[in-house]
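Engineer: Quick one: sequence and predicted model below, then my questions.
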Amino acid sequence: MAEKQTEEKKSALPSKSNFSEWYNELLLTGEIMDVRYPVKGLYVWFPFGFDVRKRTYAIIRELLDKDHQEALFPLLIPETEFMKEAEHIKGFENEVYWVTHGGKNELDVKLAMRPTSETAIYPMYKVWVRSHADLPIRIYQIVNTFRYETKHTRPLIRLREITSFKEAHTVHATWDEAAEQVKEATRIYQEFYRRLAIPTIVSKRPDWDKFPGADYTMAVDTLMPDGKTLQIGTAHHLGSNFAKTFDIKYENLNGEQVYAHQTCYGISERSIAALISIHGDDKGLVFPPEVAPVQVAVIPIIFGNSEDIIKACSDVAEVLKKDGIRVALDTSDERPGAKYYRWEMKGVPVRVEIGPRDLKNNVATIVRRDTGGKETAPLANILEEVRKRFEAVHKSLFEKASNSLNERIINCDTLEEVKERITNGIARIPWCLERECGLAMEEAVGAGILGVPEGDLGSGTGKCPVCGKGTQNMAIMAKTY
Ligand code: A5A
Ligand code: ZN
């Protein structure tokens, strides 16, 4: 009977090859997000999902806290501030929710619900920045932001209330220092995603796709299982565009008042969408140990009189817990198969089983969630053995995801080829960097240019498919979320 129920439950999760259905079902069955909230584009974090969020955001905090400070600015922005930077307004005006009333009274000045916080933060930077000695400023906040998205909304991917928006805003004396900070931001994001075992591509967005009000935008993308890329972070060089409109000046060493240079960079819960989508499988969630709410499930394999086995299991659980490992000791009445199923669905990276034969040999059976690989290990070394598996799981999740990303970068020479192959992944093609050629490429393919990637991926030799000029730059094109 129990086995039959398990079978029925198993069929609840569609195969990952049906990515979209799999994703939606997994969010619910895996208790990440509840999509039944009665406002489009707004979703609810289940406690389990929130636990994953907490651990994920602890990593970005840890990385930023080395040389950033966390602060908190208001959600509401007066229209008068919001409307200062022309490009920024153009970019966001169709996406802003406005607060127009306080009770029954119409407000004198409408209040924008932040779609991002430049215009909330920079009036304060105007007051805070006085002299070169005040610089650099590196501040971040983790907040909700609101965007009236008109494209198809999706949990964790395209929200109207972004609940987990981490935005950093920095101020520097020179343009070059700000450019260095943009590089540093993409390094931090790459490190963050490595900790989540997520491979990334960093590229400079084409001019027509940069952040409204920026000099340029660097983006961090990853590849989702359905072959579409997801932008999971961006870093913008704001030049002195906002400094001029918000009057952010400092006194330099010569006693002159000069405009500051700024950057901003952000990530959202898309990081968790990528985490779940890239590592998950037909059995459910798969987490790298660092962010797994439960890291080890200890399961007694019981036949008949079993006190010894339960005792051995709880000893193992104690040893692991003492070392800070998050352990679930599952002594419920269910059959082992039902227990495996449950902990697999929850993405627990390592399972430790002890049965009568194991106990006789003073060993445990250790099973990895990612590969299903089973090994026996001496009970006396259980802590080291588990820690070793954690490292191995993380390493192999990252390798597997990196290989699958690299395999799906397809070198193309012609736009026909790009169009044909792009449904499977990312197309790499020479580009002369000219705007007209880039726009013509996008038009011909029906997909966007992500940009020219950093490093080897972005260089090569070839001819621009539109103008035929020789070029050393390779662009990547992809269908995007
Ligand atoms: N102020 C800067 C940091 C900014 O707002 N940049 S951004 O518009 O590019 O957003 C930062 C990141 O938030 C994006 O790279 C994307 O990963 C994420 N993001 C943007 N809109 C989103 C939405 N509607 N739902 C979920 N994530 C979103
Ligand atoms: Zn060209």
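Structural biologist: Perfect, thanks for sending it. Ligands and ions are numbered 1, 2, ... in the order given.

Engineer: Mind checking what secondary structure the residue lying closest to V96 once chain neighbours are set aside has?
Structural biologist: Using CB to CB, 6 or more residues apart in numbering and skipping the chain neighbours, the partner closest in space to V96 is A112 (5.0 Å). C-beta: built from backbone N, CA, C; applies to glycine. Using DSSP: H, G, I helix; E, B strand; the rest coil, the secondary structure recorded for A112 is strand.

Engineer: ok, now which ones touch A112?
Structural biologist: 76-79, 82, 96-99, 119 (CB atoms under 8 Å, 6 or more residues apart in numbering).

Engineer: Tell me which residue of the stretch 201-350 of the chain lies closest to ligand 1.
Structural biologist: At 3.0 Å from ligand 1, G266 is the closest residue in the stretch 201-350 of the chain, using CB to the nearest ligand atom.

Engineer: Could you pick out the residues of the stretch 201-350 of the chain near ligand 1 for me?
Structural biologist: Residues of the stretch 201-350 of the chain lying near ligand 1 by CB under 6 Å from any ligand atom: 211, 231-234, 236, 264-268, 270.

Engineer: Among those, name the ones in strands.
Structural biologist: 231-234, 236, 264-267 (DSSP state E).

Engineer: Just the buried subset of those residues, written out for ChimeraX, thanks.
Structural biologist: Buried members of those, identified by 16 or more other CB atoms under 10 Å, are gathered into one ChimeraX selection as follows:
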select :231,232,233,234,236,264,265,266,267
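
Engineer: Quick check: the farthest pair among the ones in strands among the residues of the stretch 201-350 of the chain next to ligand 1?
Structural biologist: Greatest spatial distance among those (CB to CB): I232 and C264, at 16.1 Å.

Engineer: shouldn't G347 be in contact with L397?
Structural biologist: No: using CB atoms under 8 Å, G347 is not in contact with L397, being 10.9 Å away.

Engineer: and those two? which has more neighbours close in?
Structural biologist: More neighbours surround G347 than the other of G347 and L397, with 29 against 24 (other CB atoms under 10 Å).

Engineer: Next up, phi/psi of that one, please.
Structural biologist: Torsion angles at G347 (phi, psi; degrees, to the nearest 10) stand at phi 80, psi 20.

Engineer: Give the closest residue to it in space, chain neighbours not counted.
Structural biologist: Nearest residue to G347, sequence neighbours excluded (CB to CB, 6+ apart): L285, at 3.1 Å.

Engineer: what mean pLDDT would you report for stretch 257-266?
Structural biologist: When pLDDT is averaged along stretch 257-266, the result is 98.

Engineer: Tell me, how many residues neighbour the closest residue to ligand 2 within the stretch 151-300 of the chain?
Structural biologist: Closest contact between the stretch 151-300 of the chain and ligand 2, by CB to the ion, is at P206 (12.6 Å). Neighbour count for P206, taken as other CB under 10 Å: 22.

Engineer: Next, the contact list for it, please.
Structural biologist: Neighbour list for P206: 435, 438, 449, 451 [criterion: CB under 8 Å, 6+ apart].

Engineer: Next, find the distance separating M83 from Y216.
Structural biologist: As judged by CB to CB, to the nearest Å, M83 and Y216 stand 24 Å apart.

Engineer: quick one on the thing from earlier: now the contacts of P206: which count as buried?
Structural biologist: 438, 449, 451.

Engineer: Before we go further, the second one is sitting in a strand, right?
Structural biologist: This points to I449. Yes: when three-state DSSP is applied, I449 is found to be in a strand.

Engineer: Roughly how far does it sit from C412?
Structural biologist: I449 is 13 Å from C412, by CB to CB.

Engineer: Report the set of residues contacting both of those two.
Structural biologist: Here I449 and C412 have no joint contacts, going by CB under 8 Å, 6+ apart.

Engineer: Local confidence estimate at the residue of the stretch 351-481 of the chain found nearest ligand 1?
Structural biologist: In the stretch 351-481 of the chain, the residue that lies nearest ligand 1 is Y481 (9.3 Å; CB to the nearest ligand atom). Y481 is assigned a pLDDT of 96 by the prediction.

Engineer: just checking, the residue of the stretch 201-350 of the chain closest to ligand 1 touches F165?
Structural biologist: Yes: G266 is within contact range of F165, at 6.3 Å (criterion: CB under 8 Å).

Engineer: so who does the residue of the stretch 351-481 of the chain closest to ligand 1 touch?
Structural biologist: 154, 157-158, 224, 228-231.

Engineer: List, one by one, the residues from the stretch 251-400 of the chain near ligand 2.
Structural biologist: Within the stretch 251-400 of the chain, no position is near ligand 2 by CB under 5 Å from the ion.

Engineer: Identify each of the strands in the stretch 251-400 of the chain and give its residue range.
Structural biologist: Per DSSP state E, counting those that start in this stretch, the stretch 251-400 of the chain carries strands over the ranges 257-259, 261-267, 285-286, 296-300, 327-329, 346-347, 350-354, 363-368, 374-378.

Engineer: Please name whichever of the ones you listed is nearest to W45.
Structural biologist: strand 285-286 (14.8 Å).

Engineer: So what touches the closest one?
Structural biologist: Applying CB under 8 Å, 6+ apart, the contact partners of strand 285-286 are 26, 30, 32, 276, 279-280, 345-347, 349, 369-370, 397.

Engineer: Could you dump these into TSV and include distance to K322 and pLDDT?
Structural biologist: Below are the contacts of strand 285-286 laid out as TSV (distance: CB to CB, whole Å; pLDDT from 0 to 100):
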residue	distance to K322	pLDDT
L26	33	98
G30	29	97
I32	29	98
I276	30	98
H279	28	98
G280	31	98
M345	27	98
K346	23	98
G347	23	98
P349	19	98
R369	23	98
D370	25	98
L397	26	98
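
Engineer: Now, those residues that are in helices?
Structural biologist: 26, 276, 279, 345, 397 (DSSP state H).
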